[in-house]
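Participant: How does the following fold in three dimensions:
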Amino acid sequence: MLSYNLINVYISWKKGGVFLAAIDSAYHYYLSTYGTSKVSRYDTHKKSQLRAVYNQIVKTNKDTPLYKIPDSTDVKKFAIDLKEHTRSIQNVIAALSDNDEGIENVFNKKVAKSSDESSVNVTYIGEDQSLDNSLHFDVEVKQLAAPQINVGKFLYPDECDFKTGTYTFDISTDLSSYEFQYTVSRNDDNQHILEKLARLVNSSGAGIHADLAKNASNKIALRLTSSQTGLADGQSYLFEVTPSSDHASEKAMQTLGIDCVTQTASNSSFLLNGTEHASLSNTFTVNNAFELTLNKPSSQANPVQIGFKTTADSIVDNVQSLVNVYNNLIQLSYRYDSTQEADKLRRDFTQVVKPYYNEFESYGLKLSDDGAIKVDTHLLTDAVTSADAKECFATLNKFKNDLGTTAGTVSVDPLNYASKTMITYKKPGHKNFSCPYLTSVYSGMMLDRYC
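Facilitator: Predicted coordinates:
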């Protein structure tokens, strides 16, 4: 999900005019860093929730001064990272907020466990919180799902096996077909040509990863690996590489050799309580309640047991998940400490924790010098199972709500934490015009290549 604020990151001011800067690097960063992230059911919203975000944007737009922000890669990455980290916080909080059975049950969400996580990871994604904790089932992993791999011919890297010229080839998938054109110059060697082709494929969005394979003789070859795994009924391949019909391109493909399938895609194979099943992927759901990820084949004599953690362990895990997303944002502030107003970001979030400092210490949650929270699981377990557990849950719930409020504010305008130069204030006391979707105005900034 590309953040609505992301578009605003790429406006530049030049010679009195506004123009859209090149955004390839920013989109590449977003896709390479967050493109494979799982989409949560909390990433979808009701109309009322979207309306609330819109109203918050309008309010921000009315009162925010106009700023200029230096146009640098760090600013773009910072906005993307901050947006995604606050989204993670909001999703965890949403997961802990859809329980209407009282404060003491907010953190008592079912947490699944696997007896062998090296073979099978599990997450409980069901909504029924009344299931018996003793329920379980067995999984035996026989084979993992595999991608399609094409490995080309191995060539000496410092030689050139291609004639000077321009060549084309197609990569076809079930969804679409992609045409690739590359040029071989007089001074190019095989290393340069194959690296150029790898970049070309990786930037195409074809769902194929390209890299260079090396053999024992230090020869190199172009390797193509599908992002998908498994073959559906009637499928014989996930992608097919074919050269253009001209003779030169056909000869170049013979040299490349990437049109030959080295490894055919295959489905995963596993047993659920002794009954054999297959899947196109290594990640799938069971009864719309458990999401399983197969990591490696398991022992036939000792199948992996999937069940639920105890109530106390579930509560501790849920509190830990909330602490983890908070700590991740604190770590992000240190990553950008040298170029952004990260100290302000860190200060705003540590201020959320400070009102609960004394109570947290007694629950095993300690605020460290760097602003992160460290969890003593033994003390936390004692706190959530004691006679005064209700007070503990009430405090944790207030902290959760305060953290969500701060994350929501930051999410609307992440560039509030970027270094910037103020240009002008909105007229005080004047009813300012609201235009939240006029690019960059609502967040009060412009990126300037020359400031």
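Participant: quick one: average pLDDT of stretch 355-374?
Facilitator: Stretch 355-374 carries an average pLDDT of 92.
Participant: And stretch 180-200, by the same measure?
Facilitator: Computed over stretch 180-200, the average pLDDT equals 94.
Participant: I would like the residues contacting it, please.
Facilitator: The contact list for stretch 180-200, computed with CB atoms under 8 Å, 6 or more residues apart in numbering, reads 152, 155-171, 201, 204, 210-212, 220-222, 252, 256. Yep, even glycine has a C-beta here, placed from its N, CA and C like the rest.
Participant: Which parts of the stretch 351-451 of the chain are strands?
Facilitator: 365-367, 373-375, 421-424, 445-448 (DSSP state E, counting those that start in this stretch).
Participant: right, and the ones you listed - which one's nearest Asn302?
Facilitator: strand 373-375 (31.4 Å; CB to CB).
Participant: quick one on the thing from earlier: TSV please, covering the strands of the stretch 351-451 of the chain and showing mean neighbour count and distance to Asn288.
Facilitator: As requested, the strands of the stretch 351-451 of the chain are exported to TSV (neighbours: other CB atoms under 10 Å; distance: least, CB to CB, whole Å):
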stretch	mean neighbour count	distance to Asn288
strand 365-367	18	34
strand 373-375	16	31
strand 421-424	12	51
strand 445-448	23	43
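Participant: picking up where we left off before, which of the contacts of stretch 180-200 count as buried?
Facilitator: 152, 155, 157, 160, 162, 167-169, 171, 201, 210, 212, 220-222, 252, 256 (16 or more other CB atoms under 10 Å).
Participant: So which of the residues you listed are in strands?
Facilitator: Among those, DSSP state E puts 167-169, 171, 210, 212, 220-222 in strands.
Participant: Once you drop chain neighbours, what's closest to Asn282?
Facilitator: Leaving aside its sequence neighbours, Asn282 sits nearest to Leu294 (CB to CB, 6 or more residues apart in numbering; 4.4 Å).
Participant: Do I have it right that Val304 meets His136?
Facilitator: No: the criterion here is CB atoms under 8 Å, and Val304 misses it with His136 at 10.4 Å.
Participant: So which of the two has more stuff around it?
Facilitator: Val304 (24 against 14; other CB atoms under 10 Å).
Participant: Just list whatever residues bridge to that one.
Facilitator: Legend: beta-bridge partners of Val304 under DSSP bridges are Val139.
Participant: list the contacts for it?
Facilitator: Here Val304 is in contact with 114-116, 119-120, 138-141, 298 (CB under 8 Å, 6+ apart).
Participant: Turn the residues you listed into CSV, columns for distance to Tyr34 and pLDDT.
Facilitator: What follows is those, written out as CSV (distance: CB to CB, whole Å; pLDDT from 0 to 100):
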residue, distance to Tyr34, pLDDT
Ser114, 26, 95
Ser115, 32, 95
Asp116, 29, 95
Ser119, 27, 96
Val120, 25, 96
Asp138, 35, 95
Val139, 29, 96
Glu140, 34, 96
Val141, 29, 96
Ser298, 31, 93
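Participant: ok, of these, which one's closest to Val316?
Facilitator: Checking those against Val316 by CB to CB gives Ser114 as the nearest, at 17.1 Å.
Participant: From the structure, what's the count of residues near the closest one?
Facilitator: Ser114 has 20 neighbours, counted by other CB under 10 Å.
Participant: in the sheet, who's paired with it?
Facilitator: According to DSSP bridges, the residues that bridge with Ser114 are Ile306.
Participant: What distance do you get for it to Val286?
Facilitator: 12 Å (CB to CB, to the nearest Å).
Participant: just Asn91 next, same as before
Facilitator: According to CB to CB, Asn91 stands 22 Å off from Val286.
Participant: Could you do Glu195 as well?
Facilitator: Look at Glu195 and Val286: by CB to CB, they are 43 Å apart.
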